[in-house]
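Colleague: predicted model and sequence follow; I will ask about them next.
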Amino acid sequence: MTSETRVPPAEITGVFGAIVKRMTKRKLGRVPEQLGVAWNHPRVLRSFFAFSHKAEKWDACDEQLKALAHLAAVSVVGCGACLDFGYLQVHEKRLDIEKARALPRWRASDRFTPLERDVLEYAEAMSQTPPAVTDELSRSLQEQLGVPALVELTAYIAAANMVSRNNVALGVQAEGFSAACGLVPSEPRVAAAAA
């Protein structure tokens with residue numbers, strides 16, 4: 001990690017700890033230091049893992065849209081660790097890495113479709129404090145995606161906010177996982193408030 005976390009990492013032990021270490025080594029190539037921070041309360045970590053595992057099975061909304069929404073949301077919150085992991089996920093799922101690269105400049109980029117622009121705007125609006133989602137944007141996405149996909153997208157963005165706010169509060173930093181896809185998270189930015 002580039003700096004110390006606000007909560008010291010705990011030693012990952014026990015049967016569940018061995019499973020978690022084996023799983024993260026298989027998925028990431030090593031055990032992230034940030035896992036030790038979460039290990040201070042294994043039941044919370046287990047709940048995060050269970051939810052994440054279930055959310056991976058959702059299939060009403062396109063994976064590319066959810067990945068873009070995730071990156072936009074965690075960027076607004078300012079979670080470098082989530083950007084780092086999000087870029088790795090885009091790479092591993094073989095999604096459009098060029099769109100991920102262009103995300104910090106999505107409003108000026110010609111890489112994004114009108115639907116993707118609406119999804120990015122929605123993710124940023126949901127991630128503002130207070131949320132700034134408009135009825136018009138919600139209606140537009142409902143028409144383009146359908147109700148089940150919009151509900152899924154909304155829950156996905158909400159989950160990204162939960163995890164990224166958790167990481168920022170605990171001082172969890174990026175660990176370089178995105179280097180596998182040739183991306184380095186830029187400094188997280190806070191999106192401009194909707195005009």
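Modeller: Yep, it's here. Numbering: from 1, shown residues only.

Colleague: and the residue nearest to the spatial centre of the chain, what does it touch?
Modeller: In the chain, the residue lying closest to the centroid (CA atoms, centre = their mean) is H70, at 4.1 Å. Residues near H70 by CB atoms under 8 Å, 6 or more residues apart in numbering: 82, 86, 89, 123, 156-157, 160. No exception for glycine: its C-beta is placed from N, CA and C like everyone else's.

Colleague: from K21, how far out is it?
Modeller: Applying CB to CB, to the nearest Å, the value for H70 to K21 is 25 Å.

Colleague: repeat that for P42.
Modeller: Per CB to CB, P42 is found 12 Å from K21.

Colleague: swap in Y87?
Modeller: According to CB to CB, Y87 stands 23 Å off from K21.

Colleague: could you do E56 as well?
Modeller: Taking CB to CB, one finds E56 at 20 Å from K21.

Colleague: cool, and K57?
Modeller: 24 Å.

Colleague: more neighbours: those two, which one.
Modeller: K21 (16 against 6; other CB atoms under 10 Å).

Colleague: how about the contacts made by the closest residue to that one other than its chain neighbours?
Modeller: Spatial nearest neighbour of K21, chain neighbours left out: V31 (5.1 Å); criterion: CB to CB, 6 or more residues apart in numbering. Shown in contact with V31 (CB under 8 Å, 6+ apart): 12, 21, 24-25.

Colleague: let's see that with 10 Å instead.
Modeller: 12, 17, 20-25 (CB atoms under 10 Å, 6 or more residues apart in numbering).

Colleague: now P131
Modeller: Applying CB under 10 Å, 6+ apart, the residues near P131 are 125, 157-158, 161.

Colleague: of all these, which comes closest to V37?
Modeller: Nearest to V37, judged by CB to CB, of the contacts of P131 is N161 at 18.5 Å.

Colleague: domain assignment for this structure?
Modeller: Recorded structural domains for the chain (assignment: automatic domain parsing) are 8-57, 59-195.

Colleague: for the top helix by length along the chain, buried residues please.
Modeller: Ordering each helix of the chain by length in residues (DSSP state H) puts helix 147-170 first. Neighbour counts over helix 147-170 (16 or more other CB atoms under 10 Å) mark 149-150, 152-154, 156-157, 159-161, 163-168, 170 as buried.

Colleague: could you give the mean pLDDT of it?
Modeller: Confidence over helix 147-170 (mean pLDDT, whole number) is 97.

Colleague: quick one: low-confidence parts of the protein?
Modeller: Within the chain, the ranges that satisfy pLDDT under 70 run 1-3, 181, 183-195.
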